[in-house]
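1. Provided below for reference: sequence and predicted model.
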Amino acid sequence: MTGRTLLVTGGMGFIGSNFVHYWLAHHSKDRIVNLDALTYAGNPDNTASLEHLPNYRLVQGDIADVQCVQRVFQEEAIDIVVHFAAESHVDRSIADPQLFVRTNVLGTQSLLEEARRQGVSKFVHVSTDEVYGTLGKEGLFTESTPLAPNSPYSASKAGSDLLARAYYETYSLPVVITRCSNNYGPYQFPEKLIPTIITRALQNQRIPVYGDGLNIRDWLYVEDHCSAIECVIQSGTPGHVYNIGGGNERTNLEIVRTILAEIGKPESLIEFVADRLGHDLRYAIDAGKLQHELGWRPRYKLEQGLKLTVAWYLEHEAWWRKLLPQAASNKVLNAAADEGDVL
Ligand SMILES: NC(=O)c1ccc[n+]([C@@H]2O[C@H](COP(=O)([O-])OP(=O)(O)OC[C@H]3O[C@@H](n4cnc5c(N)ncnc54)[C@H](O)[C@@H]3O)[C@@H](O)[C@H]2O)c1
């Protein structure tokens with residue numbers, strides 16, 4: 001498969017920028033148009049090394065601005081849409097739910113509509129396991145688990161999933177929905193759990209952990225998420241949902257302890273803080289469909305991925321130090337961790 005044009009939305013954020021790097025490294029004949037509003041989470045440094053490439057174009061624009069989306073589709077012959085752009089931080093959604101509805105629901109609808117009008121060969125809607133709500137101590141989310149989102153963030157993502165589904169059912173737009181567990185790795189904004197732990201530990205600062213720290217998340221190294229999306233682009237069946245996860249369930253406290261040990265910092269840095277409102281207890285993904293039907297396998301075990309991530313933050317201190325004032329402006333920051341965020 002060569003010479004296609006991909007519209008990647010949110011390609012300046014954490015997963016989107018990893019995906020743009022991954023795709024151009026593995027599919028150098030394809031062209032990427034990166035549509036990103038450059039919110040606080042969109043960082044030009046993430047893709048600076050790609051700017052010189054003739055097959056890469058950044059368009060600064062808002063997915064909820066219909067005219068802007070129409071313009072991009074008129075200027076570029078888009079074959080495939082990979083839709084990452086979103087407001088993604090649970091704590092911010094508790095503080096300002098309306099922004100999440102605007103970007104995640106209305107923004108997704110404007111992309112679906114233009115993709116339908118222009119015609120694309122695939123529309124990958126990148127969603128999250130948080131749309132399934134929370135699990136008790138047992139069980140896994142499958143693709144048929146009912147949607148039961150608990151935060152304004154996950155509710156807005158669930159809304160966008162339903163619109164994506166409706167565009168397949170009503171207009172036969174070749175939509176594929178992916179629902180991934182918590183990601184970690186390079187270029188993750190330091191308001192999220194793992195970079196918060198790493199960057200605070202490196203500065204000998206206290207590491208706030210919500211509640212008793214026993215909330216469980218299922219972690220996936222971001223490169224494995226990119227390879228899963230690649231698999232879905234190439235072989236995913238339109239109208240289907242694919243869960244993505246690495247089978248790496250850990251309590252937040254275990255994650256903090258592993259990272260402190262990796263960096264060589266004491267556990268006395270841990271500080272338990274009041275729990276997040278509506279804090280989901282446990283997420284865990286059954287990714288069997290993606291593995292059995294499309295042959296995807298994660299490459300990295302959690303301990304290996306964490307080592308790589310700590311090494312990346314050690315090597316890129318200038319990158320994350322620049323972001324600290326912005327991360328600190330999130331009032332509820334440093335008390336959290338979902339969507340890779342809080343602790
Ligand atoms: N981070 C995770 O652990 C995780 C897990 C599963 C699914 N997801 C999903 O993956 C996607 C990317 O997540 P992320 O962690 O990289 O998010 P992020 O917050 O790091 O990046 C979001 C990007 O979207 C851009 N954006 C925001 N609003 C926009 C708008 N109105 N128009 C255009 N661009 C806009 C931002 O500038 C930023 O570059 C999201 O859809 C999220 O729901 C994330």
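-> Right, received. Where do you want to start? Numbers count the residues shown, from 1 in each chain.

2. residues in contact with Gly11?
-> 17, 19-20, 32, 34-36, 47, 58, 84 (Cβ atoms under 8 Å, 6 or more residues apart in numbering). Heads up, the C-betas are built off the backbone N, CA and C, glycines and all.

3. Wait, Gly305 touches Gly185, no?
-> Yes: assessed by Cβ atoms under 8 Å, Gly305 is found in contact with Gly185 at 6.7 Å.

4. Residues that sit against both of those two, list them.
-> Contact criterion Cβ under 8 Å, 6+ apart; residues shared by Gly305 and Gly185: Tyr221.

5. measure Arg117 to the ligand for me?
-> 19 Å (Cβ to the nearest ligand atom, to the nearest Å).

6. Also Lys307?
-> Relative to the ligand, and taking Cβ to the nearest ligand atom, Lys307 is found at 19 Å.

7. Then Gln118?
-> 18 Å.

8. so that residue sits right up against Asp79, yeah?
-> No: counting by Cβ under 8 Å, Gln118 does not reach Asp79; the two are 10.2 Å apart.

9. in this protein, which spans are helices?
-> Here the chain has its helices, by DSSP state H, at 14-26, 66-75, 90-95, 97-100, 107-118, 152-171, 193-202, 222-235, 252-263, 288-294, 302-315, 317-328.

10. then the second one to CSV, C-alphas only?
-> Listed in CSV are the C-alpha atoms of helix 66-75, where the atom choice follows Å, rounded to 0.1, in the frame of the first residue of the first chain:
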residue,chain,number,x,y,z
VAL,A,66,-16.7,23.1,9.7
GLN,A,67,-15.2,25.5,7.1
CYS,A,68,-11.7,24.7,8.2
VAL,A,69,-12.4,20.9,7.8
GLN,A,70,-14.0,21.5,4.4
ARG,A,71,-11.0,23.5,3.3
VAL,A,72,-8.6,20.7,4.2
PHE,A,73,-10.6,18.1,2.3
GLN,A,74,-10.8,20.5,-0.7
GLU,A,75,-7.1,21.1,-0.7
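
11. picking that back up, how about the helices of the chain in JSON lines, adding distance to Ala41, mean pLDDT and mean neighbour count?
-> Listed next are the helices of the chain as JSON lines, based on distance: least, Cβ to Cβ, whole Å; pLDDT from 0 to 100; neighbours: other Cβ atoms under 10 Å:
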{"stretch": "helix 14-26", "distance to Ala41": "7", "mean pLDDT": "98", "mean neighbour count": "21"}
{"stretch": "helix 66-75", "distance to Ala41": "18", "mean pLDDT": "98", "mean neighbour count": "16"}
{"stretch": "helix 90-95", "distance to Ala41": "9", "mean pLDDT": "92", "mean neighbour count": "21"}
{"stretch": "helix 97-100", "distance to Ala41": "12", "mean pLDDT": "97", "mean neighbour count": "17"}
{"stretch": "helix 107-118", "distance to Ala41": "14", "mean pLDDT": "98", "mean neighbour count": "21"}
{"stretch": "helix 152-171", "distance to Ala41": "13", "mean pLDDT": "98", "mean neighbour count": "20"}
{"stretch": "helix 193-202", "distance to Ala41": "12", "mean pLDDT": "96", "mean neighbour count": "24"}
{"stretch": "helix 222-235", "distance to Ala41": "14", "mean pLDDT": "98", "mean neighbour count": "21"}
{"stretch": "helix 252-263", "distance to Ala41": "21", "mean pLDDT": "97", "mean neighbour count": "19"}
{"stretch": "helix 288-294", "distance to Ala41": "26", "mean pLDDT": "98", "mean neighbour count": "16"}
{"stretch": "helix 302-315", "distance to Ala41": "17", "mean pLDDT": "98", "mean neighbour count": "17"}
{"stretch": "helix 317-328", "distance to Ala41": "9", "mean pLDDT": "91", "mean neighbour count": "14"}
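
12. Which of the ones you listed sits closest to Gly278?
-> helix 90-95 (7.9 Å; Cβ to Cβ).
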